[in-house]
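Trainee: Predicted structure and sequence below. I'll ask about it afterward.
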Amino acid sequence: MDSLQKSTINHTLERMLFQVEKPGRYVGGEHNQVRKPWDSVDTRVALIFPDIYDLGQPNLGLAILYDILNQQPDVLAERAFAPWVDMEAQLRENQLPLFSLESKTPLNQFDILAFTLPYEQIYTNVLNILDLAGIPLLARERGAEHPLIIAGGQACYNPEPMADFFDAFGIGEGEELILDFTRTHRDWKRRGGTREELFYALARVSGIYVPRFYEVAYHDDGTLSLVSPALQGVALPVKKRIVGKLPPAPVRFLVPNVETVHDRISVEIMRGCTRGCRFCHAGVVNRPVRERAPEEILEAIQAGLDATGYEQVGLLSLSSSDHTRILDIIRGVYEKFKDSRVQVNLPSLRIASFSVDLMDELKDLRPGGGFTLAPEAATERMRAIINKPLDEDIILETARTIFEHGWLSLKLYFMIGLPQESMEDVQAILDLARKIKSIGKSIKGNRVRIHLGIATFIPKPHTPFQWYSIEEAQSLQAKIDLLKEGTRKADIKMSYNPPDSTLLESWLSRGDRRLGAVILHAWKNGAKLDAWTERFNLTAWLDAFASCGIDPDFYTRRQRALDEILPWDHISTGVSKRFLLTDLRLSLAGKTREDCRNTCYNCGILDNFGSLRPSEAEIYWGCP
Amino acid sequence: MNSAQPVRVRVRFAKDGDLRFTGHLDLQRLFERVLRRSGLPLRYSQGFNPKVRLNLASALPLGFSSRAELLDFWVDGELDAVVVEQKLKSALPKDIAVLNVAFVSNQLPSLQSSLKASEYRISFLPEIDIPETARKLAALLSQEAIPIHRRARSVDLKQLILSVEWTPGPGAPELGFKMKSTPEANGRPDELLNLLGLAPGTYQVCRTALFSNSEEVGENG
């Protein structure tokens, strides 16, 4: 790389850092950072989390990929994040390109820019980052002098809204896929082929989606008439990649020199979930369930603590209490770390007294603060519709146990705007919260605090609810008003999202390729850092839709026909559309499907990925 | 619970490079983790949420480097200072250097309460007109008072300055300040330079010494 340019960056950066808030976000240099000589490798990857450092650095996906890539002798991986507005102004004013934290290399000098897209509200940040790096935003406007621009992450199961901007998407789990990207790139570079040849080589890799090789056509009403490969050898559908066995957990976590949202080591104890909640995107796309063994988890925690000095551990999964050996894990953690003065977070606990027992087993490793339960809906009818069957008695019993075991504060998560939901179902949320509060008061007196977290249902692609319209803002607001009034009277704390604030996620999550123009326009209108409530600019987006002649309601306020070609139908999670349809029909009939770890409902995962199932009995897969 | 008297370790360290942009609270957290990584037999605070027991002498303003910072922490048992230094070094980030490790009496007052003054050395970027800066500074110092605003409070900077001297630097002359450093009266050289019209980033500040009463602390523990 051009060393003159690098010293210019360092010199200018030095001054800029005195002008911005929290300059430690932009300097790197953390303990466990990996720094390789630029010329010692074939492939240089910038891993980019498109929001600010404070939010992005603790991301486990980023840590996994950073670890895997830097273990390769012929690859180096550095990091970059979105700058906050003050730093962006400095970069633009000083005409400095956005650079990586490790070597302060301008992003346009890397071979590959790999973005992680965990959710939709950070799409405009991708555009902003490319712009700050001096790279054309549109894939078709880039040439041989530009890096390969790719994305992965949970939002990529519907890549279409961002198809104009990325050269390729990795669909599914990144552990193996990221190396397929670097190897394909390396081989192509050695051969000295054209850019088109690189894209074609990538498109032939399982799990890699190269949008330019797919032709898309629409009916007059705006729905899709066709998605088809434009070249031979290009897959349809593009099936996600998974690992049959979870690879060793990363342990050499970077230790930031400034505070971030989660300063801790994270150990994924299990991937996937068998519960089958019908609104849940993660529950479908992360199938099948694969567990880590307790011994491996304990070793990873020990190695992580030794390598970082952290005082907090997060045991991550979609449903901690469902790990078949969770008790062994928790008892093992307590025995091994009881004198280590660490706090162990165990989020995502099922509503059952057993979950309280688990927290008790952690004893003094348990973090302070409240207990959290997520019934999601407050009537049995609604819980059947969303397939989260649960007797009210069990909810009340669990709450009672929580208070009896010493907690004073309980947070309850519910959703509103769910299919077939009535005002009575919302009223029931209040009634249930009040019942729980009075149980708490009978045990702990007036110190008991109840907090209601109210989320708005957003239909997600690849779920049984993917065909639904969202509820209109006015009636959502009426539900929120009812809850606000009721919680105020009952002295219950409540947090919620105003209906407008969830629109962006609603539009984008089920969007098609035409939204690329809207995203570009919204960014030109100044939309960025949209996930920051105080920065979200609804007008910029509405204006962008209007300017592009696209009706935003087409994506949200419309019941999709069951035979409609959906924009993400050519991306396969391994779960069949037929299965989702059956589940939708069961929901309409108010029928549930029990946890699928005992009874297989033939969702398609075993057909698609059964061959990856490890033969060793000790590696647990959640499928029967 | 160990009831024996803990051993108090005093470390003098330098802070430079990217870590200049890590502030005081973050530095405390950083040292907690450094000490935990070091494997030393640390003492923790009491209570529900025990923390590594440690003490930093004085908050170093963001962007300043230093070769005189002081840290106290407590360990159990007799240890060799060389071993402590090695263990610390193995756990420290590259921009912190251990200058000295000593064991000090538990009877000594806390670092914060014994600190009275700090010495700073300022070097300027080539574009800064030094004679002009010196003239402006002399004019400013000749005022009876140098009032500035800190949030809602008015402070007389002149009362916080103990001495000023220009010294030859490796390139251009450098400016030395000795200023009060107590919780009630804490002088910041950047506030003075700001009054001279110098923008942050056009000069570098290094803290070169800490003083308790009139004595320099940390040299030999």
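Mentor: Great, that's in hand. Residues are numbered from 1 along each chain as shown, chains lettered A, B, ... in the order given.
Trainee: how about the residue of the stretch 451-600 of chain A found nearest chain B, phi and psi?
Mentor: Going by Cβ to the nearest Cβ, chain B is nearest to A:H451 of the stretch 451-600 of chain A, at 20.9 Å. All C-beta spots, glycine's among them, are computed from the backbone N, C-alpha and C. A:H451 adopts backbone torsions of phi -130, psi 120, taken as degrees, to the nearest 10.
Trainee: And for A:C600?
Mentor: Per-residue torsions, A:C600: phi -80, psi 130 (degrees, to the nearest 10).
Trainee: May I ask you to confirm that it is in contact with A:P624?
Mentor: Yes - taking contacts as Cβ atoms under 8 Å, A:C600 lies within contact range of A:P624: 4.8 Å.
Trainee: how near is A:P375 to A:I395?
Mentor: Note on A:P375: its distance to A:I395, by Cβ to Cβ, to the nearest Å, is 6 Å.
Trainee: Common neighbours of those two, please.
Mentor: A:I351, A:L432 (Cβ atoms under 8 Å, 6 or more residues apart in numbering or on different chains).
Trainee: Between these two, which has more neighbouring residues?
Mentor: Between A:P375 and A:I395, A:P375 has the larger neighbour count (other Cβ atoms under 10 Å in any protein chain shown), namely 24 against 20.
Trainee: tell me the secondary structure for the residue positioned nearest the centre of chain B?
Mentor: Taking Cα atoms, centre = their mean, the centroid of chain B lies closest to B:E69, which sits 4.2 Å from it. Classification of B:E69 by DSSP: H, G, I helix; E, B strand; the rest coil places it in strand.
Trainee: shaky segments in chain A?
Mentor: A:1-7 (pLDDT under 70).
Trainee: So which elements touch the helix or strand hosting B:F31?
Mentor: Assigned by DSSP states H and E, B:F31 belongs to helix B:24-38. Secondary-structure packing of helix B:24-38 (3 or more Cβ pairs under 8 Å, 6 or more residues apart in numbering or on different chains; DSSP states H and E): helix A:294-308, strand B:54-56, strand B:65-75, helix B:81-91.
Trainee: For it, what is the distance to the chain centroid?
Mentor: When distances are taken as Cα atoms, centre = their mean, to the nearest Å, helix B:24-38 is centred 16 Å away from the chain's centroid.
Trainee: do the same with stretch B:10-28
Mentor: That offset, for stretch B:10-28, works out to 8 Å (Cα atoms, centre = their mean).
Trainee: need the helices for chain B, in chain order.
Mentor: B:24-38, B:81-91, B:111-114, B:130-142, B:189-195 (DSSP state H).
Trainee: Other residues contacting the shortest one?
Mentor: So that's helix B:111-114. Looking at what lies outside helix B:111-114 - Cβ under 8 Å, 6+ apart - the contacts are B:N55, B:L56, B:A57, B:S58, B:L70, B:L71, B:D72, B:L108, B:P183, B:S212, B:V217.
Trainee: do the longest one as well
Mentor: The set of residues that contact helix B:24-38 without belonging to it, under Cβ under 8 Å, 6+ apart, is A:24, A:31, A:255, A:257-259, A:263, A:305-311, B:15, B:19, B:22, B:42, B:51-52, B:54, B:56, B:59-60, B:71, B:73, B:87-88, B:90-93, B:96.
Trainee: Could I have the PyMOL command that selects the buried members from those?
Mentor: To isolate the buried subset of those in PyMOL, counting by 16 or more other Cβ atoms under 10 Å in any protein chain shown, use the following:
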select buried, (chain A and resi 24+31+255+257+258+263+305+307+308+309+310+311) or (chain B and resi 15+19+22+42+52+54+56+59+60+71+73+87+88+91+92+93+96)
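Trainee: Hmm, A:I129 and A:L98 touching each other?
Mentor: Yes - at 6.0 Å, A:L98 counts as touching A:I129 under the criterion of Cβ under 8 Å.
Trainee: Spell out which parts of chain B neighbour chain A.
Mentor: B:17-19, B:21-23, B:25-26, B:29-30, B:32-37, B:44, B:48-51, B:62-63, B:91, B:93-95, B:199-202 (Cβ under 8 Å from any Cβ of the partner chain).
Trainee: re earlier: pLDDT score for the residue nearest to the centre of chain B?
Mentor: Among the per-residue scores, B:E69 holds a pLDDT of 97.
Trainee: swap in the one 5 residues further on?
Mentor: As predicted, B:W74 sits at a pLDDT of 97.
Trainee: Now do the same contact list for it.
Mentor: By Cβ under 8 Å, 6+ apart, the residues touching B:W74 are B:P6, B:V7, B:R8, B:V9, B:L42, B:R43, B:R53, B:L54.
Trainee: any idea how far B:S38 is from it?
Mentor: Distance, B:W74 to B:S38, by Cβ to Cβ: 13 Å.
Trainee: got CSV for the helices and strands packed on helix B:24-38, with distance to A:A203 too?
Mentor: What follows is these, written out as CSV (distance: least, Cβ to Cβ, whole Å):
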stretch, distance to A:A203
helix A:294-308, 35
strand B:54-56, 55
strand B:65-75, 51
helix B:81-91, 47
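Trainee: Go through those and name the closest to A:W407.
Mentor: helix A:294-308 (24.4 Å; Cβ to Cβ).
Trainee: Mind listing what's buried along stretch A:308-325?
Mentor: A:308-323, A:325.
Trainee: Return only those of these found close to chain B.
Mentor: A:T308, A:G309, A:Y310, A:E311.
Trainee: you'd agree the first one is up against A:V255?
Mentor: Yes - assessed by Cβ under 8 Å, A:T308 is found in contact with A:V255 at 5.0 Å.
Trainee: Quick check: neighbours shared by the two?
Mentor: Taking Cβ under 8 Å, 6+ apart as the criterion, A:T308 and A:V255 both touch A:H31, A:N32, B:R33.
Trainee: and which of these is nearest to A:P461?
Mentor: A:N32 (36.0 Å).
Trainee: Could you measure from the closest one over to B:F103?
Mentor: Applying Cβ to Cβ to A:N32 and B:F103 gives a distance of 30 Å.
Trainee: A:I395 too?
Mentor: 57 Å.
Trainee: Just checking: what are the partner strands of the worst-scoring helix or strand of chain B on mean pLDDT?
Mentor: Ranking every helix and strand in chain B by mean pLDDT, DSSP states H and E puts strand B:215-216 at the bottom, with a mean of 71. Next to strand B:215-216 in the sheet, as set by DSSP bridges, lie strand B:203-212 (antiparallel).
Trainee: So A:R140 sits against A:P211, correct?
Mentor: No - A:R140 sits out of contact with A:P211 when judged by Cβ under 8 Å, with a separation of 10.4 Å.
Trainee: I am finished for the moment; much appreciated.
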